[in-house]
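>>> Build me a structure from this.
(one chain, ligands or ions: 3)
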Amino acid sequence: MHELVLKGKFFVEKHVINGYIGVDNGKITKFSKKPLKGEKIIETKAHEVIMPGMIDVHVHLRDFNQNHKETIKSGTMAALHGGITTVFDMPNTDPPVMSKEIFEKRAELFKRKSYTDYALSFLIAGNCSEVKSGKADFYKIFMGASTGGIYSKNFEEDYKCANKRVSVHAEDYELIQKFPERPNIVEVKAIEKALNISKKLKKPLHICHVSTKEGLKRILEESLPWISFEVTPHHLFLNKKDFKKNPLLKVYPPLRSKEDVIYLWQNFEKIPIVASDHAPHTLDEKEEGAAGLPGLETELALLLTAYNKGMVSFWGIIEKTSLNPAKIFRIKNKGFEVGKDADLIVVNLKEEWKVQPEEFYTKAEWSPFEGWKLKGKVKITLLRGKVVMEDDEIVGKPRGERIVIES
Ligand SMILES: NC(=O)N[C@@H](CC(=O)O)C(=O)O
Ligand SMILES: [Zn+2]
Ligand SMILES: [Zn+2]
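Ligands and ions are numbered 1, 2, ... in the order given. Okay, the predicted model is just below:
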């Protein structure tokens, strides 16, 4: 008798099976075609599928002195609402996470306020001595400044001092001074530099929000096993024309040309990770030119809409939003298999809904996709075997835990 049994359709490898998932002590304990007995049963409805909760490896939860933009509480509730069960917290906060003292303060805050599981990071920019003391799950380096204005003056030095995977914002500092509107070359030059140094050091690197055809081409040409990268929904579903019509869509790296977007889609299969780069600002701050877009509560529904249009495979979505992040960032306790945390979501593949930001948990109070009709909706989110979101309602208190990175 399992504590909980989920009955319904789910994908194992590329095949969908109609079966049962047994959950005990917060872990997946059984996949079965034959019925399983459970104290609690969750039976999915027509058009519903069970899939692993998403691991979003690029999330700005702000808090600290920017708690008007987002807090760990509001941001992680938004994550659960969007089917995300683990978030990677970005360190360009105010104050930034660049010292042991601030890191520990942030770890405390997450322990008390996070509704999702989480990975904590350290920003590296000339503070290598501090890095040694930190116990971060991953590191962040900005080659060019973005929100918060911090950037690395010596990428190679900063990259060398990290003892876990480094996520890098690849826009070239010098070229940003020359071309403040950050055309493609600003990203391409930074990606080339990061690839060359990573090739030399043979050290894990994750390239954030790849947005240009040339940049993606360079990464795919090198195809170095220790280099991963992500693409964001806004660089897949929006382009420069949208930004011309709506200045709120200002983001770094900027929205790109149709040609760039088409190239990302043509190579979608080769993209290892989709991440939101959820970067909330208030509407006033956006009117004043703040860069960044909220994305936690639309990320999966946009991908499911693309699936319904035959643009992507369902298995591809599962790989890019949970299986690959767990593998690439070496998360010991996550993965859609027996023995791993029962972070599961039930999605209705056919439910159509309209994006209305007032229904969202994020404090961002707006959405780049406002008014869009999406097809596909998260109905239930379970974190380590417990229902934490159902029918748009958050259930229970914050119970997020820090992930465990393989040593
Ligand atoms: N993407 C953005 O435009 N802004 C991000 C920072 C970043 O990811 O560059 C933010 O923190 O606001
Ligand atoms: Zn960035
Ligand atoms: Zn970011």
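
>>> any chance you could map the helices in this protein?
Assigned helices in the chain, in chain order: 72-81, 100-113, 128-133, 155-160, 173-178, 184-201, 213-222, 233-237, 240-245, 258-266, 283-287, 299-308, 314-318, 324-328 (criterion: DSSP state H).

>>> now for those, which one comes closest to Q66?
Closest to Q66 of the helices of the chain, according to CB to CB: helix 283-287, at 9.7 Å. Where C-beta positions appear, they are placed from N, C-alpha and C, glycine not excepted.

>>> returning to what we had before: I'd like the helices of the chain as JSON lines, with mean pLDDT and mean neighbour count appended.
Shown next, in JSON lines, are these (pLDDT from 0 to 100; neighbours: other CB atoms under 10 Å):
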{"stretch": "helix 72-81", "mean pLDDT": "98", "mean neighbour count": "26"}
{"stretch": "helix 100-113", "mean pLDDT": "97", "mean neighbour count": "16"}
{"stretch": "helix 128-133", "mean pLDDT": "84", "mean neighbour count": "14"}
{"stretch": "helix 155-160", "mean pLDDT": "98", "mean neighbour count": "18"}
{"stretch": "helix 173-178", "mean pLDDT": "97", "mean neighbour count": "14"}
{"stretch": "helix 184-201", "mean pLDDT": "98", "mean neighbour count": "19"}
{"stretch": "helix 213-222", "mean pLDDT": "98", "mean neighbour count": "18"}
{"stretch": "helix 233-237", "mean pLDDT": "98", "mean neighbour count": "22"}
{"stretch": "helix 240-245", "mean pLDDT": "98", "mean neighbour count": "12"}
{"stretch": "helix 258-266", "mean pLDDT": "98", "mean neighbour count": "15"}
{"stretch": "helix 283-287", "mean pLDDT": "96", "mean neighbour count": "14"}
{"stretch": "helix 299-308", "mean pLDDT": "98", "mean neighbour count": "22"}
{"stretch": "helix 314-318", "mean pLDDT": "96", "mean neighbour count": "19"}
{"stretch": "helix 324-328", "mean pLDDT": "98", "mean neighbour count": "21"}
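
>>> could I get these as TSV with distance to ligand 2?
Shown next, in TSV, are the helices of the chain (distance: least, CB to the ion, whole Å):
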stretch	distance to ligand 2
helix 72-81	16
helix 100-113	18
helix 128-133	19
helix 155-160	14
helix 173-178	12
helix 184-201	10
helix 213-222	13
helix 233-237	12
helix 240-245	17
helix 258-266	17
helix 283-287	17
helix 299-308	16
helix 314-318	23
helix 324-328	17
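
>>> Could I get the contacting residues of A78?
Listed by CB atoms under 8 Å, 6 or more residues apart in numbering, the contact partners of A78 are H278, P294, L296, E297, F360, Y361, T362.

>>> The residues you listed into CSV, with extra columns for neighbour count, distance to ligand 2 and pLDDT?
Formatted as CSV, the entries for these read as follows, by neighbours: other CB atoms under 10 Å; distance: CB to the ion, whole Å; pLDDT from 0 to 100:
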residue, neighbour count, distance to ligand 2, pLDDT
H278, 31, 11, 98
P294, 29, 14, 98
L296, 30, 16, 98
E297, 28, 20, 98
F360, 22, 22, 98
Y361, 22, 23, 98
T362, 24, 18, 98
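
>>> before we move on, the earlier item: out of the helices of the chain, flag the one nearest K377.
helix 299-308 (6.1 Å).

>>> got a list of contacts for that closest one?
54, 56, 82-84, 233, 236-237, 274, 276, 312-314, 317, 321, 347, 349-350, 353, 369, 374-378.

>>> Quick one: name the residues of the stretch 51-200 of the chain near ligand 1.
Within the stretch 51-200 of the chain, the residues that sit near ligand 1 (CB under 6 Å from any ligand atom) are H60, N92, S146, T147, H169.

>>> Just to check, T232 is in contact with I273?
No - contact criterion CB atoms under 8 Å: T232 and I273 do not qualify, at 9.9 Å.

>>> one step back: considering only the residues of the stretch 51-200 of the chain next to ligand 1, which also neighbour ligand 2?
Residues of those in contact with ligand 2 (CB under 5 Å from the ion): S146, H169.

>>> Closest to I403 out of the residues of the stretch 51-200 of the chain next to ligand 1?
H60 (17.9 Å).

>>> and that closest one, how many residues sit next to it?
26 (other CB atoms under 10 Å).

>>> List the residues that contact it.
Taking CB under 8 Å, 6+ apart as the test, what H60 contacts is E70, M90, N92, T93, T147, D277, H278, A279, P280, G292.

>>> do D392 as well
With CB under 8 Å, 6+ apart, D392 has these contacts: H81, E359.

>>> Give me the domain ranges for the protein.
Per the TED database, the domain ranges recorded for the chain read 2-51+340-358+370-394, 55-329.

>>> Quick one: closest of the ones you listed to E406.
Of those, the one closest to E406 (CB to CB) turns out to be domain 55-329, at 9.2 Å.

>>> Distance-wise, check Y307 relative to L216.
As judged by CB to CB, to the nearest Å, Y307 and L216 stand 21 Å apart.

>>> and what of L374?
25 Å.

>>> same deal with I273?
Taken as CB to CB, the span from I273 to L216 is 13 Å.

>>> Need the overlap of contacts for those two.
Joint contacts of I273 and L216 (CB under 8 Å, 6+ apart) are F229, V231.

>>> check contacts around E130.
Applying CB under 8 Å, 6+ apart, the residues near E130 are M98, S99, K100, F122.

>>> Over to G316?
F268, E269.

>>> do the same with the one 5 residues further on
T321 makes contact with M54, I55, D56, I273, V274, E299, L300, L303, according to CB under 8 Å, 6+ apart.
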